[in-house]
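K.L.:
Predicted model, plus sequence, below.
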Amino acid sequence: MRKSKVIPIEVAGKKEVTVKEVSPYAVYKALLAADKIEGIMALAENCTDLSRTQLQELYPSEIEQLTDAFLEVNSSFLAVAGKLRLESTLVAIVTEVMEEASKILPKMFAGSYKMVMEKMPGIMAGLSS
């Protein structure tokens, strides 16, 4: 039976998120995808009951909760990888994914900052004295 865990995260009207065990093939596909970020997003959609849009709206503290739950429900997968001595391979793949993410994330943060600043009222906004 596929393991799962419900965690309390409020996102887009949901009050909780279910994190499910993933298959080794899904992890393999995600980590070896040509577009690593797309692969990881597909994996996240596969192992949670969140849509892509909901995943993109998560805050770091919520992502940390999801990551902890993911590691918990996928402990058997990680144990098997350890028994097969695949830790170094997994670390190398995750490192590659993080390097690619670090190229994309600054652009995303810059774009987000620009959007927020466009919505901010100017110094002339508000009541005058």
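P.N.:
On my side now, so go ahead. Keep in mind it's a predicted model, so treat the numbers as computed, not measured.

K.L.:
so what's residue 4 up against?
P.N.:
Counting by CB atoms under 8 Å, 6 or more residues apart in numbering, residue 4 makes contact with 18-21, 73. (Each C-beta comes from the backbone N, C-alpha and C, glycine too.)

K.L.:
if we go to 6 Å?
P.N.:
Applying CB atoms under 6 Å, 6 or more residues apart in numbering to residue 4 gives the contacts 18, 20.

K.L.:
quick one, phi psi at it?
P.N.:
Here is the backbone geometry of residue 4 (degrees, to the nearest 10): phi -150, psi 160.

K.L.:
got it, and the one 5 residues further on?
P.N.:
Note on residue 9: backbone dihedrals following degrees, to the nearest 10 are phi -130, psi 130.

K.L.:
so where's the chain uncertain?
P.N.:
For the chain, the stretches flagged by pLDDT under 70 are 90, 93-94, 97-98, 100-129.

K.L.:
where along it do the strands fall?
P.N.:
Per DSSP state E, the chain carries strands over the ranges 4-7, 17-20.

K.L.:
So which of these is the most surrounded?
P.N.:
Among the strands of the chain, strand 17-20 has the highest mean neighbour count (mean count of other CB atoms under 10 Å), at a mean of 20.

K.L.:
Contacts for that strand next, please.
P.N.:
Residues contacting strand 17-20 (CB under 6 Å, 6+ apart): 2, 4-7, 9, 47-50, 69-70, 73.

K.L.:
wait, which of these is closest to residue 39?
P.N.:
Distance to residue 39, by CB to CB, is smallest for residue 47 among these, at 12.7 Å.

K.L.:
That closest one - how many residues pack around it?
P.N.:
Neighbour count for residue 47, taken as other CB atoms under 10 Å: 24.

K.L.:
can I get the strands of the chain in CSV with distance to residue 81?
P.N.:
Listed next are these as CSV, based on distance: least, CB to CB, whole Å:
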stretch, distance to residue 81
strand 4-7, 20
strand 17-20, 18
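
K.L.:
so which two of the contacts of strand 17-20 are the farthest from each other?
P.N.:
Spanning the widest gap among the contacts of strand 17-20 are 2 and 9, at 20.0 Å by CB to CB.

K.L.:
The two: which has the busier surroundings?
P.N.:
Between residue 2 and residue 9, counted using other CB under 10 Å, residue 9 has the larger neighbour count: 21 against 9.
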